[in-house]
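Trainee: sequence unknown, structure follows:
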């Protein structure tokens, strides 16, 4: 038997950053995101020997261990090890000695599409398929969050785990005590098709370490700095604006809503934008985009631009000089999927 899983990456459309503690604990957060046809994949293949082989195929990294109930967290393949360690601790899988865990992610780490959290969800999914674990969607997402934030002590928010698990277009609410409510949005198909047609996903060919930016953001809230907190309030309101525009089919307003969020997000923490990203943004707007945003925590990775009509092709052409590339995608309704072969 071979156990497989895949979980979709996400595009954050509005409210980004308000899912990060302590802001979400103190004020409540709101985010609107949508999953796309880029995936984190995981495969578990049982072996006839007492070996644990971990491999991230996209990163060309491999580690091999003699069977052990706990693997060392040392900066290499820690997401894979962290999930294994927690699963072993909670469900005692000593009778499943010997396996190869392989992963592949369709976007680079640090690209702003929630790759790390989505990968954790996919790995949990593969183990859940192998062990027949009775985990629902909320259970799975919270489990992934717990492993990342509490076991591995990685800084970050809460939206990615829930987007990867649930899939689709969701308006998410975040509260204290790690409470999350996922509200799936019933958007008319023609509106989704138009959004897909007009929304350009552009990779800047740079990655970033999101943890440092997120730490600065959290510190600003802890220190009660007015401008960053007010920016987050505005971004939470942006999520409401985006929800209304999508549900009512007011797609002509989406570029302006994104542009509003772009200006607010820059106020949250130092390093979210930089000279290169500012220049890319200005160039895209001059070429016909009505707004856009930096995906994820910022500092690099993907940007998205709303390009009404046929302006997307002119925007793509204008961005060629920056050395990045646009990525084809489709919106997908399904979240984490697991199967056995």
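Mentor: Yep, that arrived. All values derive from a computational prediction rather than experimental measurement.
Trainee: buried ones in the top strand by length along the chain?
Mentor: Of all the segments assigned as strand in the chain under DSSP state E, the longest by residue count is strand 29-46. Burial within strand 29-46, assessed by neighbour count using 16 or more other Cβ atoms under 10 Å, is assigned to 29-36, 38-45. All C-beta spots, glycine's among them, are computed from the backbone N, C-alpha and C.
Trainee: biggest separation within those residues, which pair?
Mentor: Across the buried residues of strand 29-46, the two members that end up farthest from each other (Cβ to Cβ) are 30 and 45, 40.7 Å apart.
Trainee: out of the buried residues of strand 29-46, which is nearest to residue 221?
Mentor: Once Cβ to Cβ is applied, the member of the buried residues of strand 29-46 that ends up nearest residue 221 is residue 29, at 11.0 Å.
Trainee: check contacts around the closest one.
Mentor: Contacts for residue 29 (Cβ atoms under 8 Å, 6 or more residues apart in numbering) come out as 15, 18-20, 23, 173-175, 232, 236.
Trainee: any buried residues in the very next helix or strand once past the longest strand of the chain, and which?
Mentor: Tracing the chain C-terminally past strand 29-46 and defining elements by DSSP states H and E, one meets strand 51-56 next. For strand 51-56, the buried set under the neighbour-count rule, 16+ other Cβ under 10 Å, comprises 52-56.
Trainee: please apply the same query to stretch 76-86.
Mentor: By neighbour count on 16+ other Cβ under 10 Å, the buried set for stretch 76-86 is 77-86.
Trainee: ditto for stretch 331-341
Mentor: 331-332, 335-338.
Trainee: what do you get for stretch 192-206?
Mentor: Residues of stretch 192-206 classed as buried: 192, 195, 198-204, 206 (neighbour count, 16+ other Cβ under 10 Å).
Trainee: just these: which are in strands?
Mentor: With strands defined by DSSP E, the entries of the buried residues of stretch 192-206 inside them are 199-203.
Trainee: these: which two are farthest apart?
Mentor: The most widely separated members of these are 199 and 203, with 14.0 Å between them, by Cβ to Cβ.
Trainee: and the longest strand of the chain with strand 199-203, angle?
Mentor: Put simply, strand 29-46 runs at 60 degrees to strand 199-203, going by axes from the mean of the first three to the mean of the last three Cα atoms, to 10 degrees.
Trainee: what mean pLDDT does strand 29-46 have?
Mentor: Over the span of strand 29-46, the pLDDT mean works out to 97.
Trainee: quick one: the helices in the stretch 51-200 of the chain?
Mentor: Remark: helices assigned in the stretch 51-200 of the chain by DSSP state H, counting those that start in this stretch are 78-91, 115-131, 137-146, 159-166, 189-198.
Trainee: would TSV of the ones you listed with distance to residue 279 and mean pLDDT be doable?
Mentor: Output for the helices of the stretch 51-200 of the chain, formatted as TSV (distance: least, Cβ to Cβ, whole Å; pLDDT from 0 to 100):
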stretch	distance to residue 279	mean pLDDT
helix 78-91	33	97
helix 115-131	25	97
helix 137-146	35	97
helix 159-166	28	97
helix 189-198	22	96
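Trainee: dump those to CSV, plus distance to residue 105.
Mentor: Supplementary listing: the helices of the stretch 51-200 of the chain in CSV, determined by distance: least, Cβ to Cβ, whole Å:
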stretch, distance to residue 105
helix 78-91, 10
helix 115-131, 5
helix 137-146, 15
helix 159-166, 11
helix 189-198, 22
